[in-house]
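**Student:** the following comprises the amino acid sequence and a computationally predicted model.
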Amino acid sequence: MKRIYLDHNATTPVHPEVFEAMVPYLKDEWGNPSSIHWAAREPKKAIDSAREKVAALLGCEANEIVFTSCGSESNNFAIKGVADALRGKGNHIITTSVEHPSVLNTCKFMEREGWEVTFLPVDPYGMIDLDQLRDSITDKTILVSIMFANNETGTIFPVEEIGKITREKGVLFHCDAVQAVGKVPIDVKRLNIDLLSLSGHKLYAPKGVGALYVRRGVRITPLIHGGHQERNRRAGTENVAGIVALGKACEIAMRDMDEEVAHITRLRDKLEKGIMERIEHVKLNGHPTKRLPTTLNVSFMYIEGESILLNLDMKGVAASSGSACTSGSLEPSHVLMAMGVPPEIAHGSVRFSLGRDNTDEDIDYVLEILPPIVERLRSMSPLYAKVKG
Amino acid sequence: MKRIYLDHNATTPVHPEVFEAMVPYLKDEWGNPSSIHWAAREPKKAIDSAREKVAALLGCEANEIVFTSCGSESNNFAIKGVADALRGKGNHIITTSVEHPSVLNTCKFMEREGWEVTFLPVDPYGMIDLDQLRDSITDKTILVSIMFANNETGTIFPVEEIGKITREKGVLFHCDAVQAVGKVPIDVKRLNIDLLSLSGHKLYAPKGVGALYVRRGVRITPLIHGGHQERNRRAGTENVAGIVALGKACEIAMRDMDEEVAHITRLRDKLEKGIMERIEHVKLNGHPTKRLPTTLNVSFMYIEGESILLNLDMKGVAASSGSACTSGSLEPSHVLMAMGVPPEIAHGSVRFSLGRDNTDEDIDYVLEILPPIVERLRSMSPLYAKVKG
Amino acid sequence: MYSEKVMDHFMNPRNMGEIPDADGVGTVGNPACGDIMQLYIKVEGNVIKDVKFKTFGCGAAIATSSMVTELVKGKTLEEAEKISNKTVAEALDGLPPIKMHCSNLAADALHAAIEDYRKKRASKA
Amino acid sequence: MYSEKVMDHFMNPRNMGEIPDADGVGTVGNPACGDIMQLYIKVEGNVIKDVKFKTFGCGAAIATSSMVTELVKGKTLEEAEKISNKTVAEALDGLPPIKMHCSNLAADALHAAIEDYRKKRASKA
Ligand SMILES: Cc1ncc(COP(=O)(O)O)c(C=O)c1O
Ligand SMILES: Cc1ncc(COP(=O)(O)O)c(C=O)c1O
């Protein structure tokens, strides 16, 4: 069967070069980098070199990178770690209502712990209001956590402006850039970002490795206490193969980003245009232009997302409805709800997210099979019957 | 050069069968197990099957296993998670003074958070006093965290008796079994263990994966908040390849444990006897019999451990002095200090830890090169000069 | 995630459509929850002679709608009233736990249609 | 972790041993810290003619001991007094940060030996 993968925001395949780079650390170079004998030498060097590659992609120093196990850990570490370290200074955190659950639920946990959290609303494009952000910062505020780009809609936040505001107000800025790293050029110094989360499996490295950039001088309490790894910021024997993979993936991202983004953007735009031309009653979710090149989120009105996905899957096409991480839930996407999308339209949303290996044929195929699927489901829908009269 | 690895308590090589088992999940089956399309199917099945294998080794149900990124995360999760969930019930935790830093430093962090922590002392063999444990439990106690076997000395704790006491007193028992899993049969139900930590890279799986057994009914707050993974107990896209590897490693451990343990015990005893016969002024650290089959910790009096390790390393022999995780520190081992070993003798400790691939030739070689190394270093030592008069 | 039977009923739903001159119509669910089921019945004597559905919802919602129409066709009203959401789920070889509640309303739609039929008859009589 | 020079001095220490009739002996460190260095000097006129060491300690401790004996041999006492722990570490192409303090006491041992020599001379005079 044809297999077309359009769910790269959920996870990406492991890049063959990444796989090759990590294999030696699963076979012969399995030593513990903290040991002081031969078995440690190569793994230790490999970690140092990976750290430099990640740092190069973000425009920071190698020792500002802390390796973690995933994007969720990075987000928990950033928020809980900064909050703990600065609890003498204030008790207020600002975030948005469209963050990934690993930020949102962490912030809700912090509320339960007695912190005050402002969840900034968004407009119908999923954008925050910068004035509202500025006005929300009080002398009790210690942290602003706002994502670089939204995983469901691809909407890109005005990170540079947010960085200016937070720096000016003297509060820390954590940015969940899990979806943006490798797809958008990021320079943490220029953007005044103090902490930044990323996750390997969103940029062609395997699952099980992530990183948190922590600007030199930012105080942070470990989430995982124990040994001296990661300069006392994250205990646990290092996932050497995973870290090597992440380093390699960052190196490849730096090398290929321009070309890849051009390719992906062209295909995404072709898919978007094709859908809009072929199918009626389709609503674009997210910002029309300030958007990740990978992402197309649309609602097919009068029908429900999962039933579309199942039909696509029967034809070999993988997509998603909201974040894969939240698929355990039946609530309509919190992101679309926050954008004011009516629930029945939110339920009909499908996210297509593209990657480096997608081709024109992939898009042509989807554009061929999608209209009859939508039509068939609409023919079953009591809501559509009303529209058709 | 000859390469003889006697540092298996720091980390183990990846078993070739484990490597083979995980490769497909790094190459073709890279899907996100939470997705609802073809790419998720195989990864999801693989995680379910790995969970059953881990559960089988521990004698528990599959849904009592939560996958984590390492032993340190499991320990942090267990202690912080139970403490948070039960904070209405009490504010007292009991542990020992010889735990791994990931327990010890977590408990010190808890103290800073306002918790009361009892660090039970140990006798010269590294054993706790069960009466003292029983007497330490008050109606404020919510958790006892005691390791299964010590990573530095191999001393095995009376886990069954501890389980009886904690169950009788109605407090939870967390057991850091990172060093014991795969080397000692463990049945969490029979032993009345409520939470148990393990780490993949200590049993021939790669670094970057661990697990926490959480008995059904035990309330625990996540350490990593976010998505619905691991039944809402640990957010973050699953490290599928690592989890598969851990499952395979547990399966192999179950299959090979008896044979392996017999082999390793024989070699360890040969090494121990050989050293005692060939070298004067050597002190065994840890319990002479209640000890992991893998571990031999000895102090070479009048000389210092690192200088022995460096000499061994020059000859291709990898060993360690205290836990590799603490090698960033210059303090003499906290474990040996707690056992009352004088600091200069603690500084002279070397831990040899054996594994499945070690051979008689390995031991013969070490017994050949070690005496001249010790002699040479002693000839440089002002302390030895005094003894010799 | 779904059983083969669910997927079969989802991909090839039985009795999909409307009955313009239905004797009873039942509608349950609401768009906010992501599921709306509409069931039409044609009753002769005491027997359900024809039944059709329209559904807005996920795979489970569509499959349970289809299954309930199969279960009910030719049954007396009393027999039909005994069919529960659980019966429907079992006939489909089970549903994922998370789908047991919200997307498993087909029997409720059936009962609503029967009630509608009874009300209409009562008002005619 | 260690430079090649450190490893060379560690594996092939220069001037290891004691001088039974030393003119000055310096001992620094203590076993609790894991390092003890003992330095013996033989002085002629104002010049260090011979120097030997004994050390209990890690690689850095042994290498710095060896290095300081090389640096100091043939030097005047005044020149020797200018040698600092930093001088020794630099002569070894650096030490790991964690070793810069505790295991880098060789110059201290040297200064202690010189002081011992001066005291002895003073008490003889
Ligand atoms: C007893 C014990 N607990 C916990 C750990 C931590 O395991 P990891 O390095 O996987 O975090 C270790 C490893 O050094 C250990 O020996
Ligand atoms: C924006 C964003 N943040 C965080 C995460 C969490 O990353 P991980 O699954 O690696 O924990 C994701 C992945 O779904 C994401 O899209």
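**Tutor:** Ah, there it is. As the structure is a computational prediction, the values presented were derived from the model and not from experiment. Residues are numbered from 1 along each chain as shown, chains lettered A, B, ... in the order given. Ligands and ions are numbered 1, 2, ... in the order given.
**Student:** use CA for all of it now, contacts and neighbours both
**Tutor:** Will do.
**Student:** quick check on A:I4: phi, psi?
**Tutor:** Per-residue torsions, A:I4: phi -120, psi 120 (degrees, to the nearest 10).
**Student:** quick one, what contacts the closest residue to it other than its chain neighbours?
**Tutor:** Nearest in space to A:I4, with sequence neighbours left out and distances taken as C-alpha to C-alpha, 6 or more residues apart in numbering or on different chains, is A:V317 at 4.7 Å. With contacts defined as C-alpha atoms under 8 Å, 6 or more residues apart in numbering or on different chains, A:V317 is in contact with A:K2, A:R3, A:I4, A:Y5, A:L6, A:V366, B:H37.
**Student:** which strand or helix spans the first one?
**Tutor:** This means A:K2. Counting by DSSP states H and E, no helix or strand carries A:K2.
**Student:** quick check: it touching A:D313?
**Tutor:** No - applying C-alpha atoms under 8 Å as the test, A:K2 and A:D313 come out as separate, 10.1 Å apart.
**Student:** neighbour count: those two, which is higher?
**Tutor:** Neighbour count, other C-alpha atoms under 10 Å in any protein chain shown: between A:K2 and A:D313, A:D313 has more, with 19 against 10.
**Student:** pretty sure that one sits against B:A40.
**Tutor:** No - between A:D313 and B:A40 there is no contact under C-alpha under 8 Å: 10.9 Å.
**Student:** quick one: which of the contacts of A:V317 is the most crowded by neighbours?
**Tutor:** Using other C-alpha under 10 Å as the neighbour criterion, A:L6 leads the contacts of A:V317 with 26 neighbours.
**Student:** so where do the helices sit in chain C?
**Tutor:** All helices of chain C, identified by DSSP state H, fall at C:4-11, C:59-72, C:77-81, C:85-91, C:106-124.
**Student:** which of those sits most buried?
**Tutor:** With neighbours defined as mean count of other C-alpha atoms under 10 Å in any protein chain shown, these peak in mean count at helix C:59-72, which reaches a mean of 26.
**Student:** neighbouring contacts of it?
**Tutor:** Applying C-alpha under 8 Å, 6+ apart, the external contacts of helix C:59-72 come out as A:306-307, A:310, C:6-10, C:13-16, C:35, C:37, C:48, C:51-56, C:80, C:88-89, C:91-92, C:95, C:99, C:103-107, C:110.
**Student:** chain center to the helix or strand containing A:I94, what's the gap?
**Tutor:** Using DSSP H and E, the element containing A:I94 is strand A:92-96. Computed by C-alpha atoms, centre = their mean, to the nearest Å, the chain-centroid distance of strand A:92-96 equals 18 Å.
**Student:** list the strands paired with it, with their directions.
**Tutor:** Take DSSP bridges as the rule and strand A:92-96 pairs in its sheet with strand A:116-120 (parallel), strand A:141-145 (parallel).
**Student:** which parts of chain A sit against ligand 2?
**Tutor:** Taking C-alpha under 6 Å from any ligand atom as the contact definition, chain A meets ligand 2 at A:10, A:70-72, A:100, A:102, A:150-151, A:176, A:178-179, A:199, A:325.
**Student:** pick the one among these closest to chain C.
**Tutor:** A:C325 (14.8 Å; C-alpha to the nearest C-alpha).
**Student:** tell me which residues touch the spatially most central residue of chain C, please.
**Tutor:** What sits nearest the mean C-alpha location of chain C, by C-alpha atoms, centre = their mean, is C:A106, with 3.7 Å. C:A106 sits next to C:M37, C:A61, C:T64, C:S65, C:V68, C:N85, C:V88 when contact means C-alpha under 8 Å, 6+ apart.
**Student:** hmm, try it at 6 Å
**Tutor:** Residues near C:A106 by C-alpha atoms under 6 Å, 6 or more residues apart in numbering or on different chains: C:T64, C:S65.
**Student:** and the helices in chain A, which stretches?
**Tutor:** Counting by DSSP H, chain A has helices at residues A:16-22, A:24-27, A:38-58, A:71-85, A:101-112, A:130-136, A:159-169, A:229-232, A:240-278, A:305-314, A:334-338, A:343-346, A:360-380, A:382-388.
**Student:** can you redo the ones you listed as CSV with distance to ligand 1?
**Tutor:** Listed next are the helices of chain A as CSV, based on distance: least, C-alpha to the nearest ligand atom, whole Å:
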stretch, distance to ligand 1
helix A:16-22, 19
helix A:24-27, 15
helix A:38-58, 14
helix A:71-85, 15
helix A:101-112, 22
helix A:130-136, 39
helix A:159-169, 35
helix A:229-232, 9
helix A:240-278, 12
helix A:305-314, 38
helix A:334-338, 35
helix A:343-346, 41
helix A:360-380, 42
helix A:382-388, 54
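**Student:** which of these has the lowest average pLDDT?
**Tutor:** Looking over those, mean pLDDT reaches its minimum on helix A:382-388, with a mean of 84.
**Student:** who in chain C is up against chain A?
**Tutor:** Counting by C-alpha under 6 Å from any C-alpha of the partner chain, the positions of chain C adjacent to chain A are C:P31, C:A32, C:G34, C:K54, C:T55, C:F56, C:G57, C:C58, C:G59.
**Student:** swap the cut-off to 7 Å and go again
**Tutor:** Listed as neighbours of chain A in chain C under the rule C-alpha under 7 Å from any C-alpha of the partner chain: C:M16, C:G17, C:P31, C:A32, C:G34, C:Q38, C:K54, C:T55, C:F56, C:G57, C:C58, C:G59.
**Student:** beta partners of the first one?
**Tutor:** In this structure, C:M16 has the following beta-bridge partners (DSSP bridges): C:F53.
**Student:** ok, back up a step: sort the residues of chain A next to ligand 2 by pLDDT and name the bottom one.
**Tutor:** On pLDDT alone, A:C325 ranks lowest of those, at 37.
**Student:** what stretches of chain C score poorly on pLDDT?
**Tutor:** Applying pLDDT under 70 to chain C flags the ranges C:125.
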